[in-house]
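[1] What follows is a predicted protein model with its sequence.
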Amino acid sequence: MNQPECIQNELLRKTVRQFIENEIEPHAKEMDLTGEFPWQVIKKMAKLGMFGVAIDESWGGAGMNADAEVIVLEELARSSASVALTLDAHNLALYPIYHHADEALKKRVMKSLATGEKLCAFGLTEPGCGSDAANIQCTAVKKQDHYVLNGQKAWLTNFSVSDYYVIAAKTDRSAGARGVSLFLVERDNPGLHIGQEEDKFGMRGSNTGEITLENCEIPLENLIGIENKGFAYAMETLDIGRMAIGAIAIGIIVRALEEAKAYAQQRAAFGKPIAKYQAVQFMIADMEINLFASRTMLRNVVAKRNRGENITQDVAKLKVFSSEAATKAALDAIQIFGGNGYSKEYPVERLMRDAKLLEIGEGTTQILRMLIGANTLR
């Protein structure tokens, strides 16, 4: 990264952090308790340009690089991982449109999505199909001048607040992963039905649930890219999603470390602050070590993405390591807080609940270890 980019990114970090302190932090606890979607925060984020940071200015974005993208997510997650996840999910759906849709489709939707005027969701997971993404059952049958989509999508983040949905469906059921295509579906399509919202353990300020596509007719021009290439597009998209998870995990580790340090230095036991005890120092040290390692891995992934290199193997390692490190940091912070850490009065129990999703979404740690192991052995 050259010096002007470094300066630009640091200015971005300061701007985002100031926004968070003023607009998100005062509401983060209430957002978690009520599970309400933070529309006012999202609208203010859109005005600040957070929805198109890495999109070319010609399409309504800020024209910055992947460094800027992860800075925004890390800073958001430091205050509210729910808000960070909302932006990540939007970016997931935006990625295949930006990189693979034809000019006509991009001209129709890109600017409204890159500016955050409208939200988008990425529909890959199904009720009976999570990790085995090639086994999706949703179908798209081509008629004369349109496709007809049928199926269900589960665990969509932004499922009921989105204006557009990027849907993976089988256009050739006999071809497995090579028969998947991606389509853009508008919210007001009469064949798209919004289901019930999930009552989640963590990330409670994000909007997650199920949709059903029932004889959902869409025009041929809503195909994203080339027919039957959708699985490859989805895997590219998941690489970007895993990079985002790394950034969100780092935000959680940073907050856990900040909270644990402050509490350990002011909480006294047996006549001195608990920060003076080796048992506490070791937990703080683990947080710092894992933060350093996660940031180093993320920098490596971001640099490769900026150079246009393949990141699949490295981003899988980042996602596994940083997500587990975030959960450990949050659990250790709770331990340092003692009984107070188990109370909703303090933020560390929310960090733990939010962190756990990072080990599950965008590929579980078990699936990614299989991928890493297979590639290493190959």
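    Perfect, thanks for sending it. Numbers count the residues shown, from 1 in each chain.
[2] Against F282, how distant is the closest residue to E210 other than its chain neighbours?
    Leaving aside its sequence neighbours, E210 sits nearest to G195 (CB to CB, 6 or more residues apart in numbering; 3.7 Å). The C-beta positions use only the backbone N, C-alpha and C, and glycine is treated the same way. Relative to F282, G195 is positioned 46 Å away (CB to CB, to the nearest Å).
[3] And those two? Which one has more around it.
    Each of G195 and F282 has its neighbours counted (other CB atoms under 10 Å); G195 has more, 15 against 11.
[4] Now do the contacts for the more buried one.
    Counting by CB atoms under 8 Å, 6 or more residues apart in numbering, G195 touches 159, 209-212.
[5] so can I have TSV of the residues you listed showing secondary structure and distance to G128?
    Formatted as TSV, the contacts of G195 follow (DSSP: H, G, I helix; E, B strand; the rest coil; distance: CB to CB, whole Å):
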residue	secondary structure	distance to G128
F159	coil	17
G209	strand	16
E210	strand	12
I211	strand	15
T212	strand	14
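[6] Looking at these, which is nearest G49?
    Of all the contacts of G195, F159 has the smallest distance to G49: 24.7 Å, by CB to CB.
[7] mind listing the helices for the protein?
    Here the chain has its helices, by DSSP state H, at 3-19, 25-34, 39-48, 66-79, 81-100, 103-114, 230-266, 278-306, 312-337, 348-358, 365-377.
[8] How far does the longest one sit from its chain's centre?
    So the one you mean is helix 230-266. Computed by CA atoms, centre = their mean, to the nearest Å, the chain-centroid distance of helix 230-266 equals 9 Å.
[9] With the third one instead?
    When distances are taken as CA atoms, centre = their mean, helix 39-48 is centred 17 Å away from the chain's centroid.
[10] residues making contact with that helix?
    15-16, 19, 23-24, 27, 51, 83, 86-87, 115-117, 119, 161.
[11] Just want the most central residue of this structure.
    Residue closest to the average C-alpha location in the chain (CA atoms, centre = their mean): D88, at 3.4 Å.
[12] follow-up on the earlier one: let me have the helices of the chain in JSON lines, extended by mean pLDDT and distance to R187.
    As requested, the helices of the chain are exported to JSON lines (pLDDT from 0 to 100; distance: least, CB to CB, whole Å):
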{"stretch": "helix 3-19", "mean pLDDT": "85", "distance to R187": "27"}
{"stretch": "helix 25-34", "mean pLDDT": "95", "distance to R187": "23"}
{"stretch": "helix 39-48", "mean pLDDT": "96", "distance to R187": "15"}
{"stretch": "helix 66-79", "mean pLDDT": "96", "distance to R187": "24"}
{"stretch": "helix 81-100", "mean pLDDT": "97", "distance to R187": "12"}
{"stretch": "helix 103-114", "mean pLDDT": "97", "distance to R187": "12"}
{"stretch": "helix 230-266", "mean pLDDT": "97", "distance to R187": "20"}
{"stretch": "helix 278-306", "mean pLDDT": "98", "distance to R187": "30"}
{"stretch": "helix 312-337", "mean pLDDT": "98", "distance to R187": "30"}
{"stretch": "helix 348-358", "mean pLDDT": "98", "distance to R187": "25"}
{"stretch": "helix 365-377", "mean pLDDT": "96", "distance to R187": "31"}
